[in-house]
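> sharing a sequence plus its predicted fold:
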Amino acid sequence: MRTTEYAAGGGLRMRVVVLLAAMAVALAGVFLVAQRSASAHDHLIPKTVLVKGDNELQAGRLVKESSWTYLDGEGGLNTDTAYYYWRFPEVDRVAAGSELRLRIFKDRQPETFVLAAYPRVSERGRPMGEKRLLSASFEPAVRDGLTVAWDAVFHVERPDRHYYLVGRGHWQDAEGSGEQQHAHWAFHAKTRSAL
């Protein structure tokens, strides 16, 4: 009789353990799906930094305008459009011919990207002078096997010159609205004089 009770109790305990394990697996699955959709959630304008080698020189500043469309979670769309003052970070000095990277913290490469350099700014901080479009190639920034950002790689060739940089990136909303999203970021580098 005692053996029978133990066996019955063990069977009941086994069913409870199996049920708890199944619930844990189900909750873990829900958590992973939530995490995956949260990391793919496309509602934030990406942060940017200017990088030389392994050193982050400066954070990008949002300038001019941005427009970001995203699903609101209830089947509707929100579009956040903002207009910004022109302002550039304090200058970082680099050698002429340096390779720089404009790192965009987004796991998807921009569909279009333009990087312009201006030689000076007005008293109000607006870029002035002849705009030069810089040629940039894209490389993924990978951590633990996952793309965490994209680097627009470019060179600053002219010695003793200010580079008031403005990058503009476009992405299509990844959540399926089909809307375009874009933002502008500003950076400031100056090359040293040639020896």
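The structure has been received and is ready for your questions.
> state the distance from Trp86 to Tyr164.
Separation of Trp86 from Tyr164 (Cβ to Cβ, to the nearest Å) stands at 9 Å. For glycine as for every other residue, the C-beta is placed from the backbone atoms N, C-alpha and C.
> Ser66 belongs to a strand, doesn't it?
Yes. Ser66: assigned to a strand according to DSSP: H, G, I helix; E, B strand; the rest coil.
> who's in contact with it?
The neighbours of Ser66, taking Cβ atoms under 8 Å, 6 or more residues apart in numbering as the test, are Ile45, Asp80, Thr81, Ala82, Tyr84, His182, Ala183, His184.
> ok so the first one is a helix residue?
No. Judged by three-state DSSP, Ile45 forms no part of a helix; its state is coil.
> domain map for this protein?
What automatic domain parsing lists as the domains of the chain is 1-40, 43-191.
> most packed of these?
By mean neighbour count, with neighbours taken as mean count of other Cβ atoms under 10 Å, domain 43-191 ranks first of the domains of the chain at a mean of 16.
> how about the strands in the chain?
Here the chain has its strands, by DSSP state E, at 48-52, 55-59, 61-71, 77-83, 92-94, 98-104, 112-118, 120-121, 127-128, 132-133, 137-143, 146-156, 162-172, 180-191.
> mean pLDDT added to these, as a markdown table?
What follows is those, written out as a markdown table (pLDDT from 0 to 100):
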| stretch | mean pLDDT |
| --- | --- |
| strand 48-52 | 97 |
| strand 55-59 | 96 |
| strand 61-71 | 90 |
| strand 77-83 | 89 |
| strand 92-94 | 96 |
| strand 98-104 | 97 |
| strand 112-118 | 97 |
| strand 120-121 | 96 |
| strand 127-128 | 96 |
| strand 132-133 | 96 |
| strand 137-143 | 95 |
| strand 146-156 | 95 |
| strand 162-172 | 95 |
| strand 180-191 | 95 |
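> show residues contacting stretch 135-145.
Residues contacting stretch 135-145 (Cβ under 8 Å, 6+ apart): 101-103, 109-110, 113, 115, 147-154.
> oh sorry, the question was meant for stretch 47-63
If you take Cβ under 8 Å, 6+ apart as the criterion, stretch 47-63 is touched by 45, 82, 84-90, 92, 94, 98-105, 151, 165-167, 183-189.
> for Ile45, give me phi and psi.
Ile45 has phi and psi values of phi -70, psi 130 when expressed as degrees, to the nearest 10.
> do you know how far it is from Gly97?
According to Cβ to Cβ, Ile45 stands 32 Å off from Gly97.
> and if you look at Thr112?
Distance, Thr112 to Gly97, using Cβ to Cβ: 27 Å.
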